[in-house]
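> Got a sequence here, can you build the structure:
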Amino acid sequence: MQSGIVLFMGMVRRGEFESLQKRGLPLAVLVDTNCKHPLADVSGFALVERFDFSKPPAELIGAVRSIQTRRPIACLFNVGEYYVAQTAYVAATLGIPYISPASARTCLDKNVMRRRFLDRIGPDAAAHFHVVTSESELIDFANQLGYPVILQPANVAASMWCTYNTDPYMLAANYRAILNEVPQYYEKLGKKGTKLTMVLAEYLTGANTSIDCLIDQAGHVTTTPVVDVLTGRDTGLDDFHHFARLVPSRVSEPDQEILRRLAVAGVQALDMTTSAAHVEFIGLRLGEIAARPGGNRPHILNLAYGLDEIHALYQILVGQIPDLHPMRQDSAAVVTPFSAKTGRLRAIRHLDRVTQLPTYLYHEIRIPPGQPVGLARNGHRAPLYIELFSTDAEALRHDVDRIASWTDLYEVA
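Below you'll find the model as predicted:
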């Protein structure tokens, strides 16, 4: 009898499957034909098929059921925000253990999510907010919250179109930009017709950090170490993109314990089971929670601590006890510099400097010259991806700071 396959839904990237492959687990992927992310090397996969994930859910279920008739499926595996709801729906229909569709939908709506945090954990658990349906309402709510305020779409990841607003004129301009640009972004993703919802929230101060969690079928939560996050604002830019993710954290141990307890309370407030959770914090308050591993988090945690979050998630999905014991205490970072200027990328400078950094490990160009670039607030992603590793945490932090100092990294026309 053939072993059940681990079926990745939509996409699979470098650093998100290798540990499963090394353990001899048969892997498969149903690739979304709309996905813009580079596909990992799947030459060793047992099955690779393609499907347009913008098609009706019944057709996606049919595609997975077709695979299931040829190979038994051990679990459905998702590492992308866009595929959370679809994977949950398919799993529920086919009787495969996974997060419930209702909980998945809650994790995808920042408005519903924050209301849960405030109602079930307490009034200071997260930022106070308002759902915005008109420009006049927007200004009224901003006056209630007090400037500065944060405006962002409720169902877009990676801090895209997340804006910091200090007065009503700036706020109105950003509101109009979101109304104009985000529906076009949905269409590019194959999500034409997706309802745009905006949320206005108080601006929170404090360090940006995250914790990934694994929640078993009974709701028991296992947490990973705290990861520090440097945003564009930490490097002097008016943008909330994630410039660097680093471990070990500089947060004090007492505060790390507070964050761990808050992460557990957060996933329980969202009724999450049989899932990974990426929990983001600002200071000692919840930001948001995604029903998937954090971007780059499994790779960073594996580099620095020898933790295998991907295999632990597999264990959760197939009903086993997750093994998340650290094997070492080193330091690692993933750095993704954005272009401060909007335009077409002409060249990436200083790649020779990147490879000569003392803690350099790996890099890849994710947006080639000729393509549009800019900040996350304008709907863009980072052209360059860099991995750093060291046994010396301060040396690694120094290299992150050096990259941040290269303000002429991108030549943009």
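> can you give me the helices for the stretch 1-150 of the chain?
18-22, 57-70, 84-94, 101-107, 110-120, 135-145 (DSSP state H, counting those that start in this stretch).
> cool, the stretch 151-300 of the chain as well?
Under DSSP H, counting those that start in this stretch, the stretch 151-300 of the chain gives helices at 168-188, 253-269, 297-305.
> before we move on, back to that, could you export the helices of the stretch 1-150 of the chain to TSV, including columns for mean neighbour count?
Just so you know, the C-beta spots here come from the backbone N, C-alpha and C atoms, and that holds for glycine as well. Listed next are the helices of the stretch 1-150 of the chain as TSV, based on neighbours: other CB atoms under 10 Å:
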stretch	mean neighbour count
helix 18-22	16
helix 57-70	14
helix 84-94	21
helix 101-107	20
helix 110-120	19
helix 135-145	15
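> how about those, which one is nearest residue 196?
helix 110-120 (12.2 Å; CB to CB).
> And that closest one, what does it pack against?
helix 101-107, strand 129-132, strand 198-202, helix 253-269, strand 285-290 (3 or more CB pairs under 8 Å, 6 or more residues apart in numbering; DSSP states H and E).
> Could you list the alpha-carbon positions for the third one in CSV?
Taking only C-alpha atoms (Å, rounded to 0.1, in the frame of the first residue of the first chain), the coordinates of strand 198-202 have been written out as CSV:
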residue,chain,number,x,y,z
MET,A,198,-10.7,48.6,5.4
VAL,A,199,-9.8,48.9,9.1
LEU,A,200,-8.7,52.1,10.9
ALA,A,201,-6.8,51.4,14.1
GLU,A,202,-4.9,53.3,16.8
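> Which one, of the helices of the stretch 151-300 of the chain, ends up nearest to residue 328?
So among those, helix 297-305 is nearest, using CB to CB, at 6.2 Å.
> average pLDDT across that closest one?
Average pLDDT, helix 297-305: 96.
> C-terminal to that helix, what's the next element?
helix 309-317 (DSSP states H and E).
> Export only the CA atoms of that next one, formatted as CSV.
Below are the C-alpha coordinates for helix 309-317, written out as CSV (Å, rounded to 0.1, in the frame of the first residue of the first chain):
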residue,chain,number,x,y,z
GLU,A,309,8.7,23.7,12.6
ILE,A,310,7.7,22.2,9.3
HIS,A,311,7.9,18.6,10.5
ALA,A,312,6.2,19.6,13.8
LEU,A,313,3.3,20.9,11.8
TYR,A,314,3.2,17.7,9.9
GLN,A,315,3.0,15.8,13.2
ILE,A,316,0.1,18.0,14.3
LEU,A,317,-1.8,17.4,11.1
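> pLDDT on that helix, on average?
97.
> still on that earlier bit, make a markdown table out of the helices of the stretch 151-300 of the chain and add distance to residue 160.
Shown next, in a markdown table, are these (distance: least, CB to CB, whole Å):
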| stretch | distance to residue 160 |
| --- | --- |
| helix 168-188 | 7 |
| helix 253-269 | 22 |
| helix 297-305 | 19 |
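> Right, I'll leave it there.
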